[in-house]
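**Q** Make a model of this:
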Amino acid sequence: MLGQQYSRTFARKLARETLAQLFRKKGHLRIQFKEPDPVKGISEPRIIAKPFPKYPEELRAAGREGLFSFLGIVTRQGKFDPSRWIVLECLNPFFARNALKTIFENWEFAPAKMGTQAVDILAVVEVAFRLYAR
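**A** Here you go, the predicted model:
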């Protein structure tokens, strides 16, 4: 029981520190690609288009900032697959709605390659919505 409480406390502290680092800039996008294990020698997809998601007007008017992150698959066609993804963190569903709409419709990649063949690859995407730079 004590170990579980310590783990939750540590996880909350780590999440707050991570959020503080992400929020130092006005708006932040980060993509991390994960090589499938145990396969090695996979090149990362090259980003062709990555527009920043529109800030939700409801939250801008309310003065709200937030973070949205998800794990998804960049397909051989160079787009995120809208049927294969999972939310990792979402502080408000309006952030998720706008981020996912932009990512699925407008983000484009040159696909990941294993040798000369295009392959699917896992990616973690974090989007921080900020009103003002600090």
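**Q** quick one: low-confidence ranges for the protein?
**A** Within the chain, the stretches falling below the threshold (pLDDT under 70) are 1-40, 133-134.
**Q** If we use 80, what do you get?
**A** Residues of the chain that meet the criterion pLDDT under 80 lie in 1-41, 132-134.
**Q** As a check, name the ranges of all helices in it.
**A** In chain order, the chain shows helices spanning 2-22, 57-62, 93-106, with DSSP state H as the criterion.
**Q** Against R76, how distant is R64?
**A** Taking CB to CB, to the nearest Å as the measure, R64 and R76 are separated by 37 Å. (Each C-beta comes from the backbone N, C-alpha and C, glycine too.)
**Q** typo on my end, it should be L88
**A** Computed as CB to CB, the L88 to R76 distance reads 23 Å.
**Q** So which elements touch the longest strand seen in the chain?
**A** What stands out as the longest strand in the chain, according to DSSP state E, is strand 80-90. Judged by 3 or more CB pairs under 8 Å, 6 or more residues apart in numbering; DSSP states H and E, the packing partners of strand 80-90 are strand 66-74, helix 93-106.
**Q** Show me what counts as buried in that strand.
**A** If you call a residue buried by 16 or more other CB atoms under 10 Å, then strand 80-90 has these buried ones: 80, 85, 90.
**Q** Looking at these, which is nearest A99?
**A** Proximity of these to A99 (CB to CB) peaks at C90, which lies at 9.0 Å.
**Q** didn't the closest one look like it was pressed against A96?
**A** Yes - in this structure, C90 sits in contact with A96. The criterion is CB atoms under 8 Å, and the distance is 4.8 Å.
**Q** Next, show the common contact partners of those two.
**A** Taking CB atoms under 8 Å, 6 or more residues apart in numbering as the contact definition, C90 and A96 share the neighbouring residues F68.
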